[in-house]
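1. For reference, the sequence and a predicted model appear below.
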Amino acid sequence: MVTGNRNPATANRRKILSYIVAGIILQMLIILVFVLIFLRIRSPKVRFKALTVENINANSAGSPSFSMKLAAQVTVKNPNFGHFKFRDSPISIFYKGTLVGESYLPKRRARARSTEKMNIAISVDSKEVSSSSSLRSDINSGKIPLSSKATLYGKVHLFKVIKKKKTAKMDCTMDVNIKANTIENLKCK
């Protein structure tokens, strides 16, 4: 009577092989979870944190004009598990589509999962704005509508191995209250 080929050495090898295969599958699952959670690279966010008006001059008589200095605190929020290195980037201020002021954010590095804060000064004047009735009426109303745009180009560095290009964009609108020397209705996207 033949009972089968149940060699204990073969059964032991199969058992070890099944443990090795199970271990490899478990490691692959752990690596997959790690990649999906930690290595997902998102775009950083750049925003105005605080914005104050200094030295404002507005004139609606004759040729309407305005000039002011804005003191801004700009934040770059990096949600990634690696640092975000960006190069010098302009911040532009517009009055109804016309460039009225520009400043630069210096080359910096926002650490992993943190917020980098920078203080800048922006000189704003209406030299480039064509003399129009809308500028005169805005100055007479006491509120000058402005918008601002900034784009930061840089790279997110993960574990000093992975480098991925990312951009952080800012698009804000605001009203400058001439009488109170304040910024109102600041909204950023």
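-> Received it, and whenever you're ready, just let me know what you need. Treat the numbers as computed from the prediction; the structure is a model and nothing was measured. Numbers count the residues shown, from 1 in each chain.
2. What pLDDT does the model give the residue nearest in space to the middle of the chain?
-> Centroid-nearest residue in the chain: residue 45, 2.1 Å away (criterion: Cα atoms, centre = their mean). pLDDT for residue 45: 96.
3. now the one 3 residues further on
-> In the predicted model, residue 48 carries a pLDDT score of 96.
4. Can you give me every residue that contacts it?
-> Residue 48 makes contact with 72, 73, 74, 75, 148, 170, 172, 186, 188 under the criterion Cβ atoms under 8 Å, 6 or more residues apart in numbering. (Each C-beta comes from the backbone N, C-alpha and C, glycine too.)
5. let's see it at 10 Å
-> Applying Cβ atoms under 10 Å, 6 or more residues apart in numbering to residue 48 gives the contacts 70, 72-75, 91, 148, 150, 170, 172, 174, 183, 186-188.
6. Tell me which stretches of the chain form helices.
-> With DSSP state H as the criterion, the chain has helices at 8-38, 133-141.
7. of all those, which lies closest to residue 161?
-> Residue 161 sits nearest to helix 8-38 of all these, at 12.7 Å, using Cβ to Cβ.
8. Averaged pLDDT, the closest one. What do you get?
-> Computed over helix 8-38, the mean pLDDT rounds to 90.
9. what does stretch 57-73 give?
-> Taken as a whole, stretch 57-73 carries a mean pLDDT of 92.
10. Pull out the buried residues from that stretch.
-> Of all the residues in stretch 57-73, those buried under the rule 16 or more other Cβ atoms under 10 Å are 58, 60, 64, 65, 66, 67, 68, 70, 72.
11. What is the most widely separated pair among those?
-> Largest separation among the buried residues of stretch 57-73 by Cβ to Cβ: 60 and 72, giving 25.9 Å.
12. hey, where'd the strands end up in the chain?
-> Here the chain has its strands, by DSSP state E, at 45-59, 65-78, 83-86, 89-95, 98-105, 108-110, 114-125, 143-158, 162-177, 182-188.
13. Tell me which of these is the most buried.
-> Counting by mean count of other Cβ atoms under 10 Å, strand 83-86 has the highest mean neighbour count of the strands of the chain, with a mean of 21.
14. so what does that strand touch, helix or strand wise?
-> Applying 3 or more Cβ pairs under 10 Å, 6 or more residues apart in numbering; DSSP states H and E, one finds that strand 83-86 contacts strand 65-78, strand 108-110, strand 114-125, strand 143-158, strand 162-177.
15. again, only using 7 Å
-> In terms of contacts (3 or more Cβ pairs under 7 Å, 6 or more residues apart in numbering; DSSP states H and E), strand 83-86 is packed against strand 108-110, strand 143-158.
16. Of all those strands, which one is nearest residue 51?
-> With distances scored as Cβ to Cβ, the stretch of these nearest to residue 51 is strand 143-158 (9.0 Å).
17. and the closest one, average pLDDT?
-> For strand 143-158, the mean per-residue pLDDT is 96.
18. what's next to it, contact-wise?
-> Here strand 143-158 makes contact (Cβ atoms under 7 Å, 6 or more residues apart in numbering) with 39, 41, 46, 66, 76, 80-87, 89-95, 105, 138, 163-178.
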